[in-house]
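S.K.: Structure for this input, please:
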Amino acid sequence: MLMKDRLDNLVRNIGLRPPPGITACPAWADIGAACRPAAQCTALLSQIGKDLAARFVMPANGRGAFPSSVAAGTYYVMTMATVNNAAMCWNVEVNLKSGANSVTLGNRNGEPVK
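M.R.: Below is the predicted model of the structure:
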């Protein structure tokens with residue numbers, strides 16, 4: 001997802017405070033696991049709706065292009081995936097310009113989630 005705000009702010013805006021030393025990525029993974037079914041997580045879904053700039057598909061190779069309909073500006077790529085049998089989370093700032101934009105997600109800009 002392409003978000004208008006950082007993941008840590010989204011987590012705080014729904015009323016959660018990760019413990020000291022814990023980033024928003026593990027908190028996000030815990031939230032996602034607890035939201036089964038998703039209808040039980042209306043605060044989370046509402047906040048995502050407010051902060052969502054665009055949805056886009058991130059291919060397995062980690063190289064994604066953004067929809068051209070997104071206005072230039074600063075956004076945050078927020079996604080989770082399994083890479084080499086390990087859960088990873090990305091909360092990556094991107095500065096989109098007019099025209100085509102892309103991002104590459106990988107081990108160096110992601111965070112393992114335990």
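S.K.: need the contact list for residue 109.
M.R.: Applying Cβ atoms under 8 Å, 6 or more residues apart in numbering to residue 109 gives the contacts 90, 92. To be clear about C-beta, it is placed using only N, CA and C from the backbone, and glycine gets the same treatment.
S.K.: From residue 89, how far off is it?
M.R.: 11 Å (Cβ to Cβ, to the nearest Å).
S.K.: what's the answer for residue 10, then?
M.R.: Per Cβ to Cβ, residue 10 is found 13 Å from residue 89.
S.K.: Now do the same for the most centrally placed residue in the chain: its pLDDT.
M.R.: Closest to where the C-alpha atoms of the chain average out (Cα atoms, centre = their mean) is residue 78, at 1.4 Å. According to the prediction, residue 78 has pLDDT 90.
S.K.: quick one: which helix or strand includes it?
M.R.: Per DSSP states H and E, residue 78 falls inside strand 73-83.
S.K.: List the pairing partners of that strand within its sheet, with orientation.
M.R.: strand 2-3 (antiparallel), strand 86-96 (antiparallel) (DSSP bridges).
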